[in-house]
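# Curious how this folds, go ahead:
(2 chains)
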Number of protein chains: 2
Amino acid sequence: MNGAEGLLAAAGRAGVEVCFANPGTTELPLVAAFDSVGGIRTALCLAEGVVTGAADGYARMSGRPAMTLLHLGPGLANGIANLHNARRARTPVVNVVGEHATWHQAADAPLASDIESLARPVSGWVGRTTSAATTGADFLVAHQAALRERMPATLVVAADHQWERAAGAPGPLPDPRPAGVDDERIEGTARLLSGAARPALLLGGDALGAAGLRDAARVAAAVGGEVFAEGSPARIERGPDVPVARSLPYFPEDVSAVLAEFTHLVLVGTGVPVSFFGYPGGSSVPVPGHVQVHPLATAEEDALGALAALAEAVGAAAGPPARERPEPVRPEGALTAESLAAAVALAQPEGAIVVNEGITSSAAYPELAAAAPAHTELGLTGGAIGMGIPVATGAALACPDRPVIGLQADGSAAYSPQGLWTQAREGLNVTTVLCANSRYRILEAELHRAGVREPGRSATGMTDLGAPGVDWVALATGFGVPATRASTAGELVAALHRARTTPGPHLVEATLT
Amino acid sequence: MNGAEGLLAAAGRAGVEVCFANPGTTELPLVAAFDSVGGIRTALCLAEGVVTGAADGYARMSGRPAMTLLHLGPGLANGIANLHNARRARTPVVNVVGEHATWHQAADAPLASDIESLARPVSGWVGRTTSAATTGADFLVAHQAALRERMPATLVVAADHQWERAAGAPGPLPDPRPAGVDDERIEGTARLLSGAARPALLLGGDALGAAGLRDAARVAAAVGGEVFAEGSPARIERGPDVPVARSLPYFPEDVSAVLAEFTHLVLVGTGVPVSFFGYPGGSSVPVPGHVQVHPLATAEEDALGALAALAEAVGAAAGPPARERPEPVRPEGALTAESLAAAVALAQPEGAIVVNEGITSSAAYPELAAAAPAHTELGLTGGAIGMGIPVATGAALACPDRPVIGLQADGSAAYSPQGLWTQAREGLNVTTVLCANSRYRILEAELHRAGVREPGRSATGMTDLGAPGVDWVALATGFGVPATRASTAGELVAALHRARTTPGPHLVEATLT
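Below you'll find the predicted structure:
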C-alpha cells in the first residue's frame, strides 16, 4: 500500500463515496489508487469550477462531504469561486490538492505556487501531508474539520507522499456535532417572543429543512409572528406539508421595508441580514433601528434542536397551522421572468431538486414555488456566479432517484457550461432551463439604480450578451446534452414534460422577451 | 471627476489602451467611467480566465500591460490560473479588482473574501486604494510595479473610492528599465566561452526575440557552441532571417541526454532548467553534473544588452551565420500529431502569431516551424492549461494586422472555450486548430511512465474525453465562431487557407487518429 492508497482507504472508511476530479501528473498515484482501493466513485469534470461546484451540490443533498481531486495551485484556483459558494453555504467539502514532490518544491517548477495562500480564503482548515505513512490520518483530520467547520477543508498532498510506501489506513474519526443551545437562551427567547408585539423569525441553514420550518411555524403561530428565510439559502424544503417561509428580498431598501412592521427579529441558524452590496448613502445592515435583533442559534449551533425546544417553551401547538396551498399559476404567451418561473413551478415533478441560479430570471420562483409539489431548492449562497450547472451535477449524483431542474441564468451558465459534459457522461437526470435574456440583467438594473440612465457604448458592451448571441442549444449539444428551445410558457411546460420522460440530461433554452 | 474616472484617466495617460473585463456591481462606477473618460477600449469576456489570459496575450505581443477589471475575490479567483501563466511568462498585467465599499467590508457580505491572499501567489505587487482622491496615483504605482516586476500587479479598489469625488488624475510615472549586466560579468563569460570545449547558451525571455537570437547565434558561431531555447517560451520569433534555437525537451531524462554533450551552459534571460515535475528517483535539475552552469543575465536583467556586449567581447562576426531553410514537410493522409503540426507549419501565413497550447498534439511543431515563414510563437509558460484561446484573443487584439493561429489541445480548450465568444464579438482574426484526440494524452503518457500499463476503470475515466466526445464544431458555433472539421492533413491545409481569406475567427476541429 502506498500513501495514495492509504489516503483513499481512509476516505472510504470515513464514508466518502464520490470524488469529483480533474487531476494531473502530481496526482497520478491517487488516480491509479482509485482502482486498486475501490469503493469511491470518480467523476471527471472538464474544469475545476465544475469539480468544486459538484462537490458542493453533492454535500448539500447528501449531508456528507464529497472529495475533490485538484491539480496544484492553478487547479485549485479554478475551483475557488465555487468553493467560496460552498463556504457561504456551510457545505463540507474535502479538497485533495496534489503538490510537487517534497524534494522538488524548492526548484520552483513552472506549476509551483503558494497553494495555502489560495486555499485559505475558502477553507475552514488547510493542511499538508507530512509523510506517506500518515496520508490516511491527514485525510481524516481534514474530513473531520470539514464536518466540524461546515466548510471546505483543503489537504495538500505531495506527490512523493502518494507514491511512497504506507503502513495502512486508520479508522474514521467521530463526526463532530454542532454545539447545543443552552436552556437559558431558549427560555430567554421564549419570554422575549411572548412579550413581543410583532415578532419575526429569520431562518437559515438546517432550520430551512422540513422539521425546522414546521417548528418555526408552530412558534410563529403561538406568538403571533412571521417566519422568514434568509436570502438565497443553501437548501430549503417546500411542499404541501411544509410551512412557507417568506423570502427576504435582495435590495436592502426592500429588506428594510419588509422588516419595518416588526418589533423583534429572532435569528435561527443564521446571522443578522446584511446588504449584498453597499450603496452610496446606504448602510450594511438593512434592519430598521426599532427592530430588536435577538440570536437564538448561530449558524454553528444546533438550530434545529433550539427551534424544537423553543416551540415547547412558548407552548406551541403540536403541529404547524394548516396552510392553504395556492393554486398554481398557469402562464401563457411569451416567456418573461414571471411566466418562466410559473411554468417551472407548474411543470416540476414531485420530489424535484431545483437548483436556482436564475438571478433576475428566477426572482419570482420562490414565491410561485409554494404551489409546486414537494421539492428542495438550492440557492446561490456566495454570489460567485457559475454554480448552477455544477451544483445540479453534484445534486443529481447524490440523489439519482430525484429529478433535478436547473433554473439557470445565461450569463452565469457561461461561466461553467462544461458541467453539462459531466451530466452527459454520468447520465444524470438534470434538466437545465437556460433563461436566455442575453444580458447581465442584474448589472443593467444596478447601473440604473446608480443613476446611469443611458449607458454609453462601453457600459452597454459590458452588460450585453447579445452580440453575438450564445446558441445554448448548440453548446449543450456540443457537450453531449440533448437540447431544445422554448419561447412561450406553453412550449416550456411541454419541454419540461418531455425531459421528464426521457432519462439523462436535457437543456431547454428558454428565450425571454 | 470621481475616483473611477481618476483611475481611468491615469491609466490612459500611462498608455493603457485595452481593458479586458468581467465586472459586477462593485465595479459599476468604473464601468460607467470608461464612457465618460474615453480612450480605453473595453472587451467583455464571459469568464475571468479569458480576461486574464487575454491580458497576458495582449502584453506578450504589445509589450505594454493591459488592464483587467474583475469582480471581487471570486472574480479574481477565476482568473488566477492564467495569471499564474502570465507570472511565469513575466508578463506585466494590471488587475483592477473591485471590492465592497470600505464601510461595508466589516459586514462580511456574501461576496466578501480575502482578496489579497488570493492575489499574492500570482502578483508581484498587491495593494489597495486608500481614497477616491488617490485612485489614479494608486493605479500608476500598480502599473509601474507590473512593468518593474514583469508580473501581474493587483490593485483592489473599494466601491466608495470609485464613486466618491476625486481631484484629477496624475501624470504617468517613468517606465522602469531592467538592470544592466556589468562589464565584469560580460568579460568573465567571454573568457569562459573562449576556453570552453563545447559550450551551449540557453535563452529565455527577451533573448528569444529576433535580435537576441541573432546575437546568440553570433556568439555560438564564434565560440563553437549551440543555442537552446527554454521550454515553452512566453514568446519566440522564427523565420528565414532568424537563427534557430533548439528547444529543450519536456521530460527531464531527455533534457539530460541533450545537455550531456556540452561542457558549459550559459544562461541568458532565464534560470537553470528544472524538471517540470519530480519523478520517483529523479532530481529537480536535469543538468548533468559535468556541465558547468554560468549565468550571464537573469530573467530580471537586460539580457539583450548583455548578449550584444558578449558578441563583441568574443569577437563575433557582424551577422549570424547563414542558415539553410529546411524544406517544409508536406504531410499527407490521416491527421497525427506530427502531420497536424506539419500542416500548420506549411499553411501558416507570413507574419502569423502561433499560440501553442497543443500539448502532446503540437510537440512536433517548434522543430517543423523552422521551415515556416516569419512568425511569433507564444507558449504555455506556467503549465496551467486553458491559456490558448484566451491568449490568442489578446494577441489578436494587440496585433489586428497579424493572423493568429491557435494550436490548441482539446482538453485544455475545454477549460476556456468562452474565449471564442470574445473573438466573435471583437471580430478577431484567430483560427483555432482544435487538436481533438479526445483524451488527456499527456496524462496517459505519465501513467505509462509511472508503470501503470493497464489503467483500471477509474484511471481510464480520468484521462478519457471520448464518452461523450465533445463536438467542437457545435461549441464554436454556439459561441458565434464559424467552424469546420478536418481529418486529413490535406483537409486541414485547405481549411487553414479558407480561414485566411475570410476575416474574423474560425475553428477547425482537427480529428486525430
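# residue ranges of the helices in the stretch 201-350 of chain A, please?
Per DSSP state H, counting those that start in this stretch, the stretch 201-350 of chain A carries helices over the ranges A:210-223, A:252-259, A:303-313, A:337-347.
# And the strands in the stretch 1-150 of chain A?
A:18-22, A:41-44, A:66-71, A:93-99, A:125-128 (DSSP state E, counting those that start in this stretch).
# closest one to chain B among those?
Nearest to chain B, of all these, is strand A:41-44, at 4.7 Å by Cβ to the nearest Cβ. In short, each C-beta sits where N, CA and C put it, glycine included.
# how about the residues of the stretch 251-400 of chain A near chain B?
Within the stretch 251-400 of chain A, the positions near chain B by Cβ under 8 Å from any Cβ of the partner chain are A:274-280, A:284-285, A:381-384, A:386.
# Let me know whether stretch A:409-426 sits next to chain B.
Yes: using Cβ under 8 Å from any Cβ, stretch A:409-426 reaches chain B at A:411, A:414-415, A:417-418, A:421, A:424-425.
# Throw the strands of the stretch 1-150 of chain A into CSV and include mean neighbour count, distance to A:E446 and mean pLDDT, thanks.
Listed next are those as CSV, based on neighbours: other Cβ atoms under 10 Å in any protein chain shown; distance: least, Cβ to Cβ, whole Å; pLDDT from 0 to 100:
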stretch, mean neighbour count, distance to A:E446, mean pLDDT
strand A:18-22, 27, 33, 98
strand A:41-44, 20, 36, 98
strand A:66-71, 29, 33, 97
strand A:93-99, 28, 30, 98
strand A:125-128, 19, 34, 98
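# out of the ones you listed, nearest to A:T135?
When the strands of the stretch 1-150 of chain A are compared by Cβ to Cβ, strand A:93-99 sits nearest A:T135, at 9.4 Å.
# Show me what the lengthiest helix in chain A packs onto, helices and strands only.
The residue-count maximum for a helix in chain A (DSSP state H) belongs to helix A:72-89. Judged by 3 or more Cβ pairs under 8 Å, 6 or more residues apart in numbering or on different chains; DSSP states H and E, helix A:72-89 is in contact with helix A:48-62, strand A:66-71, strand A:93-99, helix A:115-119, strand A:152-158, helix A:388-398, helix B:72-89.
# do the fourth one and chain B meet?
Yes: with Cβ under 8 Å from any Cβ as the criterion, chain B is reached by helix A:115-119 at A:115, A:117-118.
# In terms of secondary structure, what does that helix contact?
Counting by 3+ Cβ pairs under 8 Å, 6+ apart, helix A:115-119 packs on helix A:72-89, strand A:93-99, strand A:125-128, strand A:152-158, helix B:115-119.
# so how far is it from its chain's centroid?
22 Å (Cα atoms, centre = their mean, to the nearest Å).
# Could you do the third one as well?
Here strand A:93-99 shows a centroid-to-chain-centroid distance of 19 Å under the convention Cα atoms, centre = their mean.
# who does that strand pair up with?
strand A:66-71 (parallel), strand A:152-158 (parallel) (DSSP bridges).
# returning to what we had before: and the residues of the stretch 251-400 of chain A next to chain B, which is closest to B:P172?
Nearest to B:P172 among those, with distances taken as Cβ to Cβ, is A:P280, at 29.9 Å.
# Which residues are in contact with that closest one?
A:450, B:160, B:163 (Cβ atoms under 8 Å, 6 or more residues apart in numbering or on different chains).
# if we can go back for a sec, let me know which of the strands paired with strand A:93-99 is the nearest to B:A196.
Nearest to B:A196, of all the strands paired with strand A:93-99, is strand A:152-158, at 38.0 Å by Cβ to Cβ.
# then that closest one to CSV, C-alphas only?
What follows is strand A:152-158, C-alpha atoms only, in CSV (Å, rounded to 0.1, in the frame of the first residue of the first chain):
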residue,chain,number,x,y,z
PRO,A,152,-14.3,23.2,2.7
ALA,A,153,-11.1,21.7,4.1
THR,A,154,-8.1,21.6,1.9
LEU,A,155,-5.3,19.0,2.2
VAL,A,156,-2.2,19.4,0.1
VAL,A,157,-0.6,16.1,-0.7
ALA,A,158,2.9,16.0,-2.1
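# Show me what that strand is in contact with.
Contact with strand A:152-158 is made by A:3, A:7, A:27, A:30, A:52, A:76, A:83, A:86-87, A:91-102, A:105, A:115-116, A:119, A:122-129, A:135, A:138-139, A:142-143, A:145-146, as judged by Cβ under 8 Å, 6+ apart.
# Could you identify the buried members of those?
Neighbour counting by 16 or more other Cβ atoms under 10 Å in any protein chain shown classes A:3, A:7, A:27, A:30, A:52, A:76, A:83, A:86-87, A:91-102, A:115-116, A:119, A:122-129, A:135, A:138-139, A:142-143, A:145-146 among the contacts of strand A:152-158 as buried.
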